[in-house]
Structures are given as structure tokens and as C-alpha cells.
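Enquirer: Curious how this folds, go ahead:
(2 chains)
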Amino acid sequence: MSDKTTQQIAFVAEGMIPESPPPAREAGAYKWVRENLFSSIPNSILTLAALALIYSLLSNVLPWLLNGVWTTSSLAECREVLEGKAGACFSVLTERWHQLLYGFKYPTDQYWRPNLALLLLLIALAPVLFFDLPRRLLAFTAVYPFLAFWLIWGGSILVPIVALLGFVAAGVVFQKYGKSSFAAGFFGAIVAALVIWKLGGLLIPDAASDNAMLSSVPSRDLGGFMLNMMLGVTCVSLSVPLGIALALGRQSSMPFIKWICVVFIEFVRGVPLITLLFVASVMLSYFFPPDATVDLFLRVVIMITLFSAAYIAEVIRGGLAALPTGQYEAADSLGLDYPQAMRLIILPQALKISIPGIVNVAVGLFKDTTLVSVISMFDMVGMIRGPILASTEWNGVYWELLGFAAALFFVVCYGISQYSQWLERRLATGHR
Amino acid sequence: MSTLTDPPKEQFRLSMLVNDTRYRSLTFQAIAALVLALAIWYLGNNLLQNLRAAGLNISYDFLGNSAGYDINQRLIEYDNQDSHGRAALVGILNTLLVAFLACITATIFGVIAGVLRLSNNWLVSKLMAVYVEVFRNIPVLIWIIIIFTIMTAVMPGPREFRGAEPTASMLFDLFAFTNRGVYTPMPVFGNGFFASTALNWLVVLAVLAGSFFVMRRVEAKATATQEETGERPKTLLIALAVWIIPFALLMLAMGLTWEVPELKGFNFKGGIKIGGPLIALWFALSIYTGAFIAENVRAGIQAISKGQSEAAAALGLRPSRTMNLVVLPQALRVIIPPLISNFLNITKNSSLAIAVGYADITATLGGITLNQTGRAIECVLLLMLFYLTASLIISMVMNVYNSSVKLKER
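Expert: Numbering: from 1, shown residues only, chains lettered A, B, ... in the order given. As a prediction, the model looks like this:
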């Protein structure tokens, strides 16, 4: 029974079997398709359904897109060229692009001004968005708002210079007195700025804007995508400091100040932006002095800034709450007073945590700037629904215009959200 | 001999108001209160001066005046002789209607897209990623206008349903999709218990609620039996009986018939008409917010550690049961808080109805009423008051639900 010998065993391996490539079904594209698309029957059904959906979308959109007509001057002409085939009339874009981008009243020969302002905006934003760039570039960022104001609105260059000088004076006063007492520096800075602005207002002659280098453009002539960009950038940058102040106020131990901030934040977050825009368009002028005329753009900027400040305050409050208590206690034990502790220890860390959230608010706000079309400002959506679709040449060109607007917003918002994700990865210093 | 004396009593000095931390916060709050009072006084004074100059006053009497405009889409009786107040009420109900519908569909879209985005199927998950990115990054106003344009410019007119060879036809001969809105069959009670349709519907609701509570008892009993014996009694047949029999009897008793929309003259008559603006707003808010909810659902599911689904697989649960019984109940806790803020966003974004002419509260009270009466301050204040109340109520209700699904910790 046990005398089995090697002769009786059918096969004994005498060496290693050489490695062989995996069978064709288990490798390469075939395997990938089988595992990712057809791993089970429900999965296969899903894949087929998705393919059918993609096919039906593309078969409708692609001919329309590729057959596009770019050179006609009205919808009727465009339909003639197409002869009943499916095709887009992109000529509305080549014909009216300047209206879509700048509004219908901005002087045509001055388009270089907003263009230059946009280019400079990118340069001014670069040191804010990317920390690796030399810090000295921030000086340009500080000057940029005044430069952009002058470029877009034109008029006398003295106005933005006086405004800038006011801020410079405030900065100097704060540097001088802020070291010993924050309150003295802070209020001194405000007084210094007000004095400079008052003096400057007296010095600038009324006729200064008549023969200025850049012709003056009133706010109501702004429009198109430029208006969306301007509202978005202005309101976000104004609402960040306001949001920080509100968030700190909400965290404050002083009940009255905390109460004011809570009421403000919860009120603004509870009402839609449209009602605030109604306030800007029909109600806010009742609250200004009777002889003052504040133009609609400024009123809208005020309301949108208040709106986004409430949301940014909540984001920053999250950042403040995420800091361990040890940080606050460490600041106290070093003997720092409240402004110093906030400026040197708490806020740098809290803001770092809240940057992605702030960027999300910024994207949402930029999308919401289209709402100004409801109070008859001619932003991009307002231009499409108003002057362009109402014109006899282009009445009925919905898809090309709406598609263009959607594509433009998509590019900007997707870009910003990709930046936010990159930043989040960059700032993730916790677990390496 | 030395005597112990009390330390000299500290005199209150004026400088302590700034330098002593015990009093400093009082000083600051007093300054803040003063500034706030000054600001309110300044603004109020301006307001009074402006109102006097314009010969206006603040009064809500206009709400009782005849409105004089028509509203197509409405849930309660209304004609143009009714008051502005009633027009505002119609608007409030319309806002609540579209917000309610959009919250439900957005949740459905969001959950489906969020789950599918994590699917093993490469094509489907990429498709869902595209859906989320495209819809999140384009303003909701543009989506509302796009869908409204589809509803008005692409759908066939009632004329095209007519003639020997119509170019458009009704779906199943029941639903008509036209550029004036969608017409669906309407249930009509031939011999209802009450003359008013609304009361009859209340009866139907009451019967359904009764079935629901009976079913809850049955399920609870089944669970108790399962915990005792380990075998869950079959409840499917009982469920069918409890849901269907009372409902069917009620329908028979009330003489249910369906009124199918028909082409008469130049338009469809009969049935329920859902206007194009309502559909545009409803659908656009649903797919837009659905994309945000999808991201929340995905984040919630990914927050559940992989060990949970592996443990479920080790117990022999099928993937669908793993999802339903193990992963989703836990993920719900992470998903609910952002879901609440998405519902609030839907309610607030429904104010964009004014862009497509859906008669919600913003379009009636803040639109036509405001323009007709010129009562800007009163209208905008009432509008804000409504949205504030709605937001507070929604977040209150959802917070109660949230605390009921929250992990009970000691």
C-alpha cells in the first residue's frame, strides 16, 4: 500500500514553470471593460442606458453645434443659410459679443479700459491666491482697486488718488499709534482718512472730470458680463473684512455686541437675495439724506456685500470654532491683549481653515450676481433677456445665447472651485 | 504691636472704564449701543423726511384694496376683484407649493446621483460627476430660463394636436404637453360626502393617515415577534390589504371618475393644468439643488468607514441590502444637516419665480402689488417677514428630525 514509488506517480514537476502572461480575458482593455462596465447584469443595463443617453444627447447637439453659422447678420438670414437643417446661429455671438460682455451703452472705443482692468485684476489677485509669489506684489494689489475704479469709470484721476491718500494716511496713523493702543490707532486712522477725504473733496475742482484723460462713464452704462465680474469681485473683497468682524462679534463675550451680530447674520441668511435687491432698488434711497443721490450700482453693491458678509461670517465662525482652545489660552498666557491675540495667533490659523469655505461662498455669490437682471440692471442675463432677444434681428435665438452665458459662467466657476480644491490639498498640513 | 488693616479700598476712577478689564466691556457695549442708536435715529430721520417730502406714510391699508390683476396658477379661489392681501396669500401658497415639490424631487435626484456617483460602473459614475459639475457651476437663474424656454418655445402649441394628421399627440391620450403648460387628468368625486372638493380631499387624507397608523402598528408587532423568535412574519399581504381596501372602498363610495383634458376650441379644457412657469421653476430648482445634494450624499456615504460595508459583506448581505440597512442609515446623520440648508436654499431660490412669471409671493406682493400701489417699504418688509418665518419654521422642523436620527450618545 505504501510502496508507491516515483514511477507510479503520474507527474512530478522537475523545475519551475516559467511565468506566462495572464489569459486574454484577465488583462488589458478587455478586463477593464468587463470589470468596470459589464461586471453584472444590472451593471450592464446601467452601462447600456448611459450609452443610450450619451448617444441621444450627442446626436442632437453635435450636428447643431458643427453646423453653426457664424457670419450672418440676422436670424432670418441664418435660417436661409441653414435651409431647414439643424444648426446653430452663432452669428448672434459674433454680431453682439460686445453687448454680452460690456453692456449696450459702454462706449465702443473705450473697451480697452475694462480689458486692461481685467488683466490687471489677474495680476493683483495672483499674490493673494498663490502664496509662493513674492510678497512685494501685494503693494500692487493694494493700489489696484483705485486704479480699476479710474479705468472703468474714468473721470478725473484726482478722485481715486485722494481716496488712496486717505487710506495711506490711515495706515500711517495706525502704524504710529496702533502699537501702543489698538483703539487709539484704529480711531485715529479713521479720523485721519476722513480729514484727507474732506480736504481732497474741497480741493478737486468740479470741472476736473470734463477734460480728464479718460472720459467719464456713468454707472448705468455698465453692463454685460463685465457687470457680473465687477459685482462679484467688489462684493467678495468688501465682505471678507466685514465677515471677519461679524464672526468675531458673534464669538464675543459682550452680550450686546454678540446679540447685534447674531440678529444681523440670522436675518440676512433667512431672506432671499432678491428681497435684498428689492431693498436696494426701491427702498434704500428712502434711508439716505433727501438731497443725496446714490446710484443703483452702489446701492446694489451695499446690499450684496451685506448679504455675502453674513455667509462669510458663518464660514469664519466655523474656522474659529475649529481652533483648539489651547491656542486662545496660549495667547492669553503670553500676555497678548485681544487685538494682538486675534491678529497674531487666532485669525491667521482660523482664516487658513476657512479659505475653501470662503471660496465656495465667492462662487455662489458670483452666480447670484445674475439676479440683478430682475431689478432691471443689464448684466449678462439681463442683456440676453432684454435688448438682444427683443431685437427684431435676433428674436428667437435662445440656445446660442443661453448656452454662451452658461459656458462662460461654467468656465469661471469651475476654475475657481478647482483652485479651491488645489488650495485645500496645499493647506492640508494635519496628516502627512 | 501691629494691627492688620483692610487694604485701602479701591476708588473707582474714570480711567478704569478703559483700562480695567472688569469695566472695559461695559464701556465698549455702551459705545456700541450709542452708535447703533445714532445710526437708527439717522436712518429713521432720513426715512421720515423722505416720506414727508414724497407725501407718503407707512400704512398697511392697501392690503384690503381690490388688487385688479389676475393670477393664472392658484391653489385657492381668486379673481381680480379680490384684495391685495388675498393675492399675497395666493402667492404664499404658490411659493410653498413649488418649494415643497422641489424639495422632494431634488432629494430624489440628489440621492440617486450621489449613490450612482460612487457606483463601480465607470461610465455611470463619470456621467454623474459631469451632471454635478455642470449644474453646480451655472447660475440657477440661467437654468430656470433654459427650462422655461423649453416649455414655451419647444413644446407644441395646442393647435398642433388638431386635425386629421396632428403633428403632436397626447401621451397615452391622458397627458398633453403644450407650450401653455402640461395638462393631466383630474380626479372628480361624483357623489362626495361634502359639496366642497377640499373637504373631500381631507377625507381621503384622513383615510390614508389611518392606514398609515395601522401599518405602523403591524410593523411594530412584526419587529417584536422577530426579536422574540428570530423569524419575521410576512407582512406584505397585510400591508396591501390595509393600504388598498379602505382606499378602494372610499373611492367607490365617493364615485371617483377622471376628468381627462380634451382639445376644445383653441385650447385644452378639463383636467389639471400645470403652467409652464411652475414646471420650469420646479424642475430647474430640483436639478440644480439635486447636484448639491448629490455631493452631500456622496460625502456622507464616504464618511462611513469601509469596515462597515466589509462587515456587512462578511455577514452575507447583498450589496443593495448593505446600502439600505448598513451604510445609508449611518450616512443619514452626516447628510441631514447640509440637506436642511439645501431645503432652505430651495425655498429662498423659489423667489426667482419672478423671472419666469410664476405668481409666487415675490411676484405678487413684491412685484405687481408693489408696482401698483407704490408701497415699496411695506411690501418689501412683509416679503422679508414671510421668508424669515418660512426659513425659521423649516429649520426648526428639520432640526427636530435631525435630533431624532442623531446618534444617541451617553
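
Enquirer: do you know how far residue B:34 is from residue B:336?
Expert: 43 Å (Cβ to Cβ, to the nearest Å). Quick note: C-beta positions are derived from backbone N, CA and C, even for glycine.

Enquirer: The two - which one has more neighbours?
Expert: residue B:336 (19 against 10; other Cβ atoms under 10 Å in any protein chain shown).

Enquirer: before we move on, which element is that one in?
Expert: helix B:328-349 (DSSP states H and E).

Enquirer: Let me see the domain layout of the chain.
Expert: No chain specified, so I'll use chain A. A:43-89, A:221-432 (automatic domain parsing).

Enquirer: should've been chain B
Expert: If you go by automatic domain parsing, chain B breaks into B:17-54, B:98-185+B:260-362.

Enquirer: and the next helix or strand after the helix holding residue B:336 with chain A, contact?
Expert: Next helix or strand after helix B:328-349 toward the C-terminus (DSSP H and E): helix B:361-363. Yes: using Cβ under 8 Å from any Cβ of the partner chain, helix B:361-363 reaches chain A at residue B:362.

Enquirer: which helices and strands does helix B:361-363 pack with?
Expert: helix B:84-117, helix B:376-405 (3 or more Cβ pairs under 8 Å, 6 or more residues apart in numbering or on different chains; DSSP states H and E).

Enquirer: and if we set it to 6 Å?
Expert: The criterion is 3 or more Cβ pairs under 6 Å, 6 or more residues apart in numbering or on different chains; DSSP states H and E, and the helices and strands that helix B:361-363 contacts are helix B:84-117.

Enquirer: For the helix it packs on, the averaged confidence score.
Expert: Across helix B:84-117, the average pLDDT comes to 91.

Enquirer: Off-centre distance for the next helix or strand after it?
Expert: Toward the C-terminus, helix B:84-117 is succeeded by helix B:122-136 as the next helix or strand (DSSP H and E). Relative to the centre of its chain, helix B:122-136 is centred 24 Å away, using Cα atoms, centre = their mean, to the nearest Å.

Enquirer: List the buried residues for helix B:122-136?
Expert: Under the neighbour-count criterion of 16 or more other Cβ atoms under 10 Å in any protein chain shown, helix B:122-136 has B:123, B:124, B:125, B:127, B:128, B:131, B:132, B:133, B:135, B:136 buried.

Enquirer: Quick check, residue B:398 in contact with residue B:340.
Expert: Yes: at 4.1 Å, residue B:398 and residue B:340 qualify as touching, with contact defined as Cβ atoms under 6 Å.

Enquirer: Low-confidence regions, chain A specifically.
Expert: Along chain A, the model assigns pLDDT under 70 to residues A:1-8, A:205-212, A:429-432.

Enquirer: Residue A:99 is nearest to which of the domains of chain B?
Expert: domain B:98-185+B:260-362 (17.1 Å; Cβ to Cβ).

Enquirer: Can you give me the end-to-end span of that closest one?
Expert: By Cα to Cα, to the nearest Å, the extent of domain B:98-185+B:260-362 from end to end equals 13 Å.

Enquirer: and residue A:107, how far is that from residue A:218?
Expert: Counting by Cβ to Cβ - residue A:107 and residue A:218 are separated by 11 Å.

Enquirer: how about the residues of the stretch 301-410 of chain B near chain A?
Expert: For the stretch 301-410 of chain B, the residues in contact with chain A (Cβ under 6 Å from any Cβ of the partner chain) are B:348, B:351, B:354-355, B:366, B:376-377, B:380, B:383-384, B:387-388, B:391.
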